[in-house]
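In: Give the three-dimensional model of this entry:
(one chain, ligands or ions: 1)
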Amino acid sequence: MMTITLLGGGNLANHLTNVLLNSNGCDLSQIYNRSIEKIRHFEKQTKITNNLDDLRDTDIYILCIKDIAIKEVSAKIAHKEGLIVHTSGALAMEVLQNNLRKGVFYPLQTFSKEKNLSFDNIPICIEAARPKDLEILHSLATLLSKKVYNINSLQRKKIHLAAVFVNNFVNHLYSIGKDICDTNNIPFEILQPLIEETAKKMNTLAPFEAQTGPARRKDYKTIEIHKSECSEEIETIYTVLTDAIIKSKSHGN
Ligand SMILES: NC(=O)c1ccc[n+]([C@@H]2O[C@H](COP(=O)([O-])OP(=O)(O)OC[C@H]3O[C@@H](n4cnc5c(N)ncnc54)[C@H](OP(=O)(O)O)[C@@H]3O)[C@@H](O)[C@H]2O)c1
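Out: Below you'll find the predicted structure:
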């Protein structure tokens, strides 16, 4: 059975730890985190440590730590014989400081510690320097999810960029919507069905086809009224997005 060391105690690390501990096909032998208290709750299920010199030898080392720390921490464990992978969408595989046995195991989803998620349908993007290691990552990924993709570093960078648009920016727009509701004594939940239907439409329609609203209709009168109701900062965002929608074409922008 493949043995695994997971490094990290944050959002993704917590989710991955839980799913790996509950998976029959692998053995999560140890967890490392710089701050031991953040992984204390796993102590009964596996070995925990905050000392990199204490790590046992395992088949795979999964780095679930901040992007900025990946280079440094991978250098500190570069002498290990096992396969070392990071989980970042933004970084190339080559950021890992060990020699040949390196790879990437990137689950394409938004993970927050507080929100439970099933891994079943989460796309897992894998990459490895050696074909044999890609097979190992494929075996691990298929234990967790039905959706496994071979994605190289360049493609993953583009996926990450696209993900910022469809997740982070959309999420920020939810915040703006919530602020507008809050300041006008309107329950934010009133927008929930609209939020859900907007996302559901992506299962059957292309984004351009699904678009409605004043910008798509080129209803300049309503657009001007909306702008007059916005603060300066929100008006800037409104104007950029409205202009982009007006200019957009069905084949893309
Ligand atoms: N969250 C997501 O939705 C998501 C999705 C896909 C991929 N990822 C990737 O997963 C990785 C972790 O992201 P996250 O959101 O889980 O981060 P996070 O919740 O902010 O956790 C950060 C982790 O990095 C550790 N860390 C930070 N600086 C360190 C250093 N200098 N040395 C050692 N450890 C250090 C922290 O240790 P302490 O606890 O000691 O501070 C903590 O364990 C990133 O590469 C990210 O790109 C995240």
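In: which residues touch the residue in the chain positioned nearest to the ligand?
Out: Proximity of the chain to the ligand (Cβ to the nearest ligand atom) peaks at Gly10, 2.0 Å away. The C-beta positions use only the backbone N, C-alpha and C, and glycine is treated the same way. By Cβ atoms under 8 Å, 6 or more residues apart in numbering, the contact list for Gly10 reads Lys38, Cys64, Ile65, Lys66, Lys113.
In: Could you pick out the buried ones from those residues?
Out: Lys38, Cys64, Ile65 (16 or more other Cβ atoms under 10 Å).
In: restrict those to those near the ligand?
Out: Lys38, Cys64, Ile65 (Cβ under 6 Å from any ligand atom).
In: Can you check the pLDDT for the residue lying closest to Asn33 once chain neighbours are set aside?
Out: The shortest distance from Asn33 to any non-neighbouring residue, by Cβ to Cβ, 6 or more residues apart in numbering, is to Gly9 (3.4 Å). Gly9 carries a pLDDT value of 97.
In: ok so, going back, now the residue of the chain closest to the ligand: phi and psi?
Out: Gly10 adopts backbone torsions of phi -100, psi -150, taken as degrees, to the nearest 10.
In: Please report how far it lies from Ile159.
Out: For Gly10, the distance to Ile159 equals 21 Å [Cβ to Cβ, to the nearest Å].
In: again, but for His172
Out: Applying Cβ to Cβ, the value for His172 to Ile159 is 19 Å.
In: And those two? Which one has more around it.
Out: Neighbour count, other Cβ atoms under 10 Å: between His172 and Ile159, Ile159 has more, with 18 against 11.
In: can I assume that one is in contact with Pro107?
Out: No - applying Cβ atoms under 8 Å, one finds Ile159 not in contact with Pro107, separated by 11.6 Å.
In: Return every residue with contacts to both of those two.
Out: The contact lists of Ile159 and Pro107 share Cys125, where a contact means Cβ under 8 Å, 6+ apart.
In: for Ser139, what are its contacts?
Out: Residues near Ser139 by Cβ under 8 Å, 6+ apart: Met2, Gly25.
In: hmm, the helix or strand hosting it touching the ligand?
Out: Assigned by DSSP states H and E, Ser139 belongs to helix 131-144. No - Helix 131-144 stays clear of the ligand (Cβ under 6 Å from any ligand atom), getting no nearer than 13.4 Å.
In: rewinding a little: and the residue nearest to Asn33, how many neighbours does it have?
Out: For Gly9, using other Cβ under 10 Å, the count is 25.
In: Against Ile48, how distant is it?
Out: 9 Å.
In: what's the answer for Glu189, then?
Out: For Glu189, the distance to Ile48 (Cβ to Cβ) stands at 40 Å.
In: ranges for the helices of the chain?
Out: With helices called from DSSP state H, the chain shows them at 11-21, 67-76, 131-144, 153-163, 170-183, 192-201, 207-210, 214-217, 220-228, 232-247.
In: and the protein, which of its residues are near the ligand?
Out: Listed as neighbours of the ligand in the chain under the rule Cβ under 6 Å from any ligand atom: 8-13, 33-35, 38, 64-67, 69, 73, 87-89, 106-107, 110-111.
In: before we move on, back to that, any idea which of the helices of the chain is most buried?
Out: Mean neighbour count (mean count of other Cβ atoms under 10 Å) peaks for helix 11-21 among the helices of the chain, with a mean of 20.
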